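Student: any chance you could fold what I've pasted below:
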Amino acid sequence: MSSAAPTRRGVLTGAAALAAAGYAASPASAASGHGGHSTRLTILGTTDLHGNVFDWDYYKNTVYDDAAHNDIGIAKVQTLIKAQRARLAGQPLLMLDAGDTIQGTPLAYYYAKVEPITSGGTHPMATAMNLVGYDAAALGNHEFNYGIPLLRTYASQLNFPLLGANAVDPVTKLPVFTPYLVKTVRMPEGPDLKVGILGLTNPGIAIWDRDNVAGRIEFPGLVEQATVFVPKLKKLGCDVVVVAAHSGAVTSSSYGDALPYPENASSLVAAKVPDIDAILVGHAHVDIPQKLVTNEQTGRPVLLCEPDFWGMRLAVMELDLVRHGNRWSVASASSQTLNSNEALEDPEVAASVRTQHDKVVAYVNTVIGTSTQAMSAARAPVEDVPIIDFVNYVQAAAVKQGLTGSDASLPVLSIAAPFNRSASFPAGEVSRRDVAGLYIYDNFLFAVKVTGQQVKDYLEYSMRYFRQVPGPGSYSMDQVTNAPSQGVPIPDYNFDTIAGLDARLSYDVDLAQPVGSRIIGLAYGGNPVTPAQEFALAVNNYRQSGGGGFPAVSTAPVLYSNSTDIRQLLIDWVGAHHTIDPTQFASVDWRLVANGQPLTIT
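Tutor: Below you'll find the predicted structure:
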């Protein structure tokens, strides 16, 4: 089935789409109040496309939908972009992206792992983005997931530069990607406009993709590098400076204090670094139509806009310019985001990637085994469910088989998180996409040696995910999960549970207790876990490199590593064993309680 299937609701194009989104369709050739010495620069932006060309859910094999009825994909965004280009015909316009383009869907995975573009062919995102006509894009952290050779190949296929001023050589400290672009824009009247476009990426790459970048690329902070490069752009005569930053607007870090630079720093850049006029924000996967941050040195407002993710929105940033002799400056700025569900997919972009898309749809829908019963991850955030036990079982079994020497006698444990609440296995035939939908990240398998005390500390840290409750009773999932940390809800992917392979690792999680004192009755094989007891713990590379800030695992001795991603290990297990039978691996090893009494979670 192709993503050309009709959508569920009426869609519009051109001026009608703009009007439906609350956008004035009249030309905006000049800023009011400045007469013939003014004009407007429009910057269109996307971010976090994550391999989405079509409005298609590969894991459900149907048109994408969510509770808000968003649509996704660059093919739909292109219709909004074309409408903007038509509206602004003859007026200055730039098209930017804030990163994370080549990872996130089976389409992206296929052309990185199954038929990698390093062996020939063009990446579908390169094809689509070249048709859109981007001027520049920032590097996202997920650009590094498949290694530098594939990233370099992808970059070579683009008609525009990938910018990363804070991806630097460890020795020279100079950027290893193009740090910025100076774009000369013809103006309807008056002198040409020089726009400096600075690209900044996420320091967390040093942790999350350590195996791909260690010793080859370092990632200093966004503020630190902007402080270096914005003055350079001004010296080059740039009238306007725009930043494409793959870093969220709310200052925070998922990696705690593992790095000296914050993960989400766009607002800090705006506040700390003078002479920036606007920032296209990425990474946080939120819709920020407009945010103004006052620069601490100049007192001038800096415009920030983040257009959600996966192509759900298009950022429209408008900078009103005033002329001073032969130079321009920004007099005022505003922005909004347009909704892709008000547009049809662009036929040219769709046609350019259709063959690759159809190949991937056929690939992911191939039946690889059967399940003796239906299993779902819907309640995985609040109870021990068989489908998560399956992940732990396959991971732990792979580790046990790979341990050698004295390490082979260690009891094996495994961590897993509910990456996708909508994941499920049907009773009967199971396809590749059913398994892939359970493990949606491109992680690799490691095993580290940990003590019983470190296991307990790990679990205590993980249980920050839950909100404290006053006592026993009935609660909804929303009342107990995704507790805030640094003002941001802890995501499901940072909630790990631990299971044993040859014996149960059992424990209660007491939500009436404060964070750090919630693990009750931790036992292995029915015996209390002692602080000095040793285990082999199966973890993914994200955790082992420090992702999420979990204790011990990033410094623990590595016992095992596997270059095959965990998703493929799960698929290969099903293909080899043919039958998924929960009686082989499932058990209820942990439960939520309050003051020792079981909780009811609705």
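Student: got the domain ranges for this structure?
Tutor: 27-361, 367-601 (automatic domain parsing).
Student: state the mean pLDDT of stretch 389-404.
Tutor: Averaged across stretch 389-404, pLDDT comes to 96.
Student: need the CA coordinates for stretch 139-155. PDB is fine.
Tutor: The C-alpha trace of stretch 139-155 is given here as PDB (Å, rounded to 0.1, in the frame of the first residue of the first chain):
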ATOM      1  CA  LEU A 139      23.700  19.400  11.400                       C
ATOM      2  CA  GLY A 140      21.500  17.500  13.800                       C
ATOM      3  CA  ASN A 141      22.700  15.000  16.400                       C
ATOM      4  CA  HIS A 142      21.000  12.100  14.500                       C
ATOM      5  CA  GLU A 143      23.000  13.000  11.400                       C
ATOM      6  CA  PHE A 144      25.900  11.100  13.100                       C
ATOM      7  CA  ASN A 145      24.000   7.900  14.000                       C
ATOM      8  CA  TYR A 146      25.100   6.000  10.900                       C
ATOM      9  CA  GLY A 147      28.700   7.100  11.000                       C
ATOM     10  CA  ILE A 148      30.700   9.800   9.400                       C
ATOM     11  CA  PRO A 149      31.200   8.100   5.900                       C
ATOM     12  CA  LEU A 150      27.500   7.900   5.400                       C
ATOM     13  CA  LEU A 151      27.000  11.500   6.600                       C
ATOM     14  CA  ARG A 152      29.700  12.700   4.200                       C
ATOM     15  CA  THR A 153      28.100  10.900   1.400                       C
ATOM     16  CA  TYR A 154      24.700  12.400   2.200                       C
ATOM     17  CA  ALA A 155      26.200  15.900   2.400                       C
END
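Student: now do the buried residues in it.
Tutor: 139-147, 150-151, 153-155 (16 or more other Cβ atoms under 10 Å). For glycine as for every other residue, the C-beta is placed from the backbone atoms N, C-alpha and C.
Student: could those residues go into a markdown table alongside pLDDT?
Tutor: What follows is the buried residues of stretch 139-155, written out as a markdown table (pLDDT from 0 to 100):
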| residue | pLDDT |
| --- | --- |
| 139 | 98 |
| 140 | 97 |
| 141 | 95 |
| 142 | 94 |
| 143 | 97 |
| 144 | 95 |
| 145 | 91 |
| 146 | 93 |
| 147 | 94 |
| 150 | 98 |
| 151 | 98 |
| 153 | 98 |
| 154 | 98 |
| 155 | 98 |
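Student: sitting in helices, which of those do you find?
Tutor: 150, 151, 153, 154, 155 (DSSP state H).
Student: closest to residue 566 out of these?
Tutor: residue 150 (18.7 Å; Cβ to Cβ).
Student: and that closest one, what does it touch?
Tutor: 102, 112, 116, 117, 118 (Cβ atoms under 8 Å, 6 or more residues apart in numbering).
Student: by neighbours, which of those wins?
Tutor: When neighbours are counted by other Cβ atoms under 10 Å, residue 102 leads those with 29 neighbours.
Student: is that residue in a helix, a strand, or coil?
Tutor: coil (DSSP: H, G, I helix; E, B strand; the rest coil).
Student: pretty sure it sits against residue 113.
Tutor: No. With contact defined as Cβ atoms under 8 Å, residue 102 does not reach residue 113; the gap is 11.6 Å.
Student: run a quick neighbour tally on residue 372.
Tutor: 14.
Student: could you give the mean pLDDT of the stretch of helix or strand residue 267 belongs to?
Tutor: If you go by DSSP states H and E, residue 267 is part of helix 266-272. For helix 266-272, mean pLDDT is 98.
Student: same question for stretch 299-317.
Tutor: On average, stretch 299-317 scores 98.
Student: next one: stretch 549-560
Tutor: pLDDT averaged over stretch 549-560 gives 92.
Student: run through who's touching that stretch.
Tutor: For stretch 549-560, the surrounding residues in contact (Cβ under 8 Å, 6+ apart) are 254-258, 399, 402-403, 407, 410, 445-450, 454, 457-458, 461-462, 496, 536-537, 539, 543-546.
Student: so where do the helices sit in the stretch 201-350 of the chain?
Tutor: 205-208, 210-213, 222-235, 266-272, 347-364 (DSSP state H, counting those that start in this stretch).
Student: closest one to residue 123 among the ones you listed?
Tutor: The minimum distance between residue 123 and these falls on helix 347-364, with 9.0 Å, by Cβ to Cβ.
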